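> predicted model, plus sequence, below.
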Amino acid sequence: MASTTHPHAFHFERAVDSYWEASADPLGIETPPLKGEESCEVAVIGAGFTGLSAALELAGQGVDVRVLEAGHVGWGASGRNGGFACMGSHKLSYPTMIRRYGLAASQRFYETMRQSVALVRDNIQHYGIDAWATADGEVTLAHLPSRVQELRDEQAYLKQTFGDETEFLSKGDLKEQGLDGPGFHAGLKGKVGFGVHPLNYVRGLARAAAKAGAKIHGRSQLIRWEELSDGHRLHTRDGVLKARQVIVATNGYTPEDVSTRHAGRIMPALSSIIVTRPLTEEERRAQGWTSDVPSYDSRKLLHYFRLLPNGRFLFGGRGGTDASDHGDAAYRPMLTKAFNELFPAWRNVEITHYWRGFVCLSNDLVPYVGPLDERKTVWTAIAYHGNGVAMGSWSGRAVARLLTKKTAREELSPVLTRRLSRFPLPAFRPLYLKGAYVWYGWEDSR
């Protein structure tokens, strides 16, 4: 694995101490480790949103598919994220995207993001998943008075370029809609996103995939990969899986020392979350925050937050570059301080859970869906830039359809399929990240 991570971040033998783990419904299916030598048509590495969506699609087409997961279902980002099924999945600005890929391709990508959110809603309803889904809507909040006009400009740009109708919220509107706080000066409300319980959702996908015929092997970490003329041999501690084709669906947890085709192409970045005890109605009113709409501020090193259905409050943020256990403990006070500053009425409220995980960045700052070799036997869907609930679900299905030729590459936006380029001098990725955080911190203060 690249030096942007630390071995402490890969304790596959134990679950992360998150609120989602504490509150999730049981998985309800067996996912035994791979034992001995087995074979299949397609092997999927990673039992998260992407891998399970791919497995669900392949099994539905009658393909013999097996999933290898190093931990348990949803162990990685899929089970520890903030539960935002929202627009996003890129860090490339729209003007730059249009210059690089063209207006039509960028508009298709924007529509894909809309479709990805709708797919999550459809999956929840179709498979009867108790995902604690909220009503539709997501809000960007101006964290400085200087950002208010930027939100107005963004509203006009989204309507003109993508036909997206959003609602501008003044400071008074925020108070009226229960989105108030001393650090919020205006908002821009979209109609598409919603909140979910991500671990319940990913476990629901696992049950659906297993019912369709996919075999899921938990506690089956990939430790060696042999590429042969007639396929691939994937070695775990207790078994070997031979497959004609492989889908790598591990996003920020992709092992670059084993999956060498990903080497130098991705950058894991830390995101951290705290969750409070249940807040009383009086406490919510005292802060002025009574809405359950998923929200985030206008910082580049953004904070994201939402009121959960049982009255708890989730607050997360990007930042930190030390993935060790020491770095884990050191970052909690920093995140708590940011929470107290934005929600001062709750500064004495007990925080019951704190955890971290990786989001995944690409050099191109957009996701990639497609093959990784000329023979088209190794595939991936990756790099959602912190918005993988929706895009991971959509991209997993998409890569499976590309593999089986159910969908042609030309049917997807070139934003997603053009390339997964390498970072220049990839050994210096930790320095790139630290430098970016310094720059973003300065920009966020202006």
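Yep, that arrived.

> helix or strand for A209, just tell me which one.
Per DSSP states H and E: A209 is located in helix 198-212.

> buried set for that helix?
198-210, 212 (16 or more other CB atoms under 10 Å). Using the backbone N, CA and C atoms, a C-beta is placed for each residue, glycine as well.

> return the distance of that helix from the chain's centre.
How far helix 198-212 lies from its chain's middle: 16 Å, per CA atoms, centre = their mean, to the nearest Å.

> neighbouring contacts of that helix?
Under the criterion CB atoms under 8 Å, 6 or more residues apart in numbering, residues 18, 20-21, 24-25, 27-29, 31, 47-49, 52-53, 55-56, 59-60, 67, 73-74, 78-83, 120, 123-124, 127-132, 216, 389, 393 lie in contact with helix 198-212.

> what helices or strands is the lowest-mean-pLDDT helix or strand in the chain leaning on?
Every helix and strand in the chain was compared by mean pLDDT, DSSP states H and E; the lowest is helix 429-444, with a mean of 77. Secondary-structure packing of helix 429-444 (3 or more CB pairs under 8 Å, 6 or more residues apart in numbering; DSSP states H and E): strand 266-276.

> how far off helix 429-444 does the strand it packs on point, in degrees?
50 degrees (axes from the mean of the first three to the mean of the last three CA atoms, to 10 degrees).

> partner strands of strand 266-276, with direction?
In the sheet, strand 266-276 lines up against strand 313-318 (antiparallel), strand 351-362 (antiparallel) (DSSP bridges).

> flag the shaky bits of this protein, pLDDT-wise.
The chain contains residues with pLDDT under 70 at 1-4, 440.

> need the residue closest to the centroid of it.
Centroid check for the chain by CA atoms, centre = their mean gives G388 as the closest residue, at 2.6 Å.

> let me see the contact set for that one.
Neighbours of G388 in contact, by CB under 8 Å, 6+ apart: 48-50, 77-78, 81, 89, 251, 359-360.

> so of these, which ones are in helices?
49-50 (DSSP state H).

> nearest to V148 among the contacts of G388?
S89 (25.7 Å; CB to CB).

> look up the closest residue to that closest one, ignoring the ones flanking it.
M391 (3.8 Å; CB to CB, 6 or more residues apart in numbering).

> what about that neighbour, which helix or strand?
M391 belongs to helix 388-403, assigned by DSSP H and E.

> ok now that helix, how far from the chain's centre?
The answer for helix 388-403 is 12 Å, by CA atoms, centre = their mean.

> what is the neighbour count of the residue lying closest to D328 once chain neighbours are set aside?
Excluding the flanking residues, the one nearest D328 by CB to CB, 6+ apart is R356, at 5.9 Å. With neighbours defined by other CB atoms under 10 Å, the count for R356 comes to 20.

> one more: the one 5 residues further on?
L361 has 24 neighbouring residues, counting by other CB under 10 Å.

> likewise for E30?
8.

> so it lies in a strand, does it not?
No. Secondary structure of E30 (DSSP: H, G, I helix; E, B strand; the rest coil): coil, not part of a strand.

> please begin residue numbering at 168 from this point
Will do, 168 is the new start, and the previous item becomes E197.

> next, count neighbours for the residue lying closest to G419 once chain neighbours are set aside.
Closest residue to G419 apart from its sequence neighbours, by CB to CB, 6+ apart: F525 at 3.1 Å. Look at F525: counted by other CB under 10 Å, it has 24 neighbours.

> roughly how far does F525 sit from T488?
F525 sits 12 Å away from T488, going by CB to CB, to the nearest Å.

> got any residues that touch both of those two?
L437.

> check the secondary structure at N507 for me.
helix.

> that one against N515, yeah?
No. With contacts counted by CB atoms under 8 Å, N507 stays clear of N515, the gap being 9.0 Å.

> which one of the two is surrounded by more residues?
Shown here are N507 and N515; by other CB under 10 Å, N507 has more neighbours (15 against 7).

> related to what we said a few turns ago, pull the CA atoms of the helix holding M558 into PDB?
Below are the C-alpha coordinates for helix 555-570, written out as PDB (Å, rounded to 0.1, in the frame of the first residue of the first chain):
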ATOM      1  CA  GLY A 555     -19.400   6.900  -2.800                       C
ATOM      2  CA  VAL A 556     -22.800   6.000  -1.500                       C
ATOM      3  CA  ALA A 557     -24.600   6.900  -4.700                       C
ATOM      4  CA  MET A 558     -21.700   6.800  -7.200                       C
ATOM      5  CA  GLY A 559     -20.300   3.600  -5.900                       C
ATOM      6  CA  SER A 560     -23.700   1.900  -6.300                       C
ATOM      7  CA  TRP A 561     -24.000   3.200  -9.800                       C
ATOM      8  CA  SER A 562     -20.400   2.600 -10.800                       C
ATOM      9  CA  GLY A 563     -20.400  -1.000  -9.500                       C
ATOM     10  CA  ARG A 564     -23.400  -1.800 -11.700                       C
ATOM     11  CA  ALA A 565     -21.900   0.100 -14.600                       C
ATOM     12  CA  VAL A 566     -18.600  -1.800 -14.500                       C
ATOM     13  CA  ALA A 567     -20.400  -5.100 -14.400                       C
ATOM     14  CA  ARG A 568     -22.400  -4.100 -17.500                       C
ATOM     15  CA  LEU A 569     -19.300  -3.000 -19.300                       C
ATOM     16  CA  LEU A 570     -17.600  -6.300 -18.500                       C
END
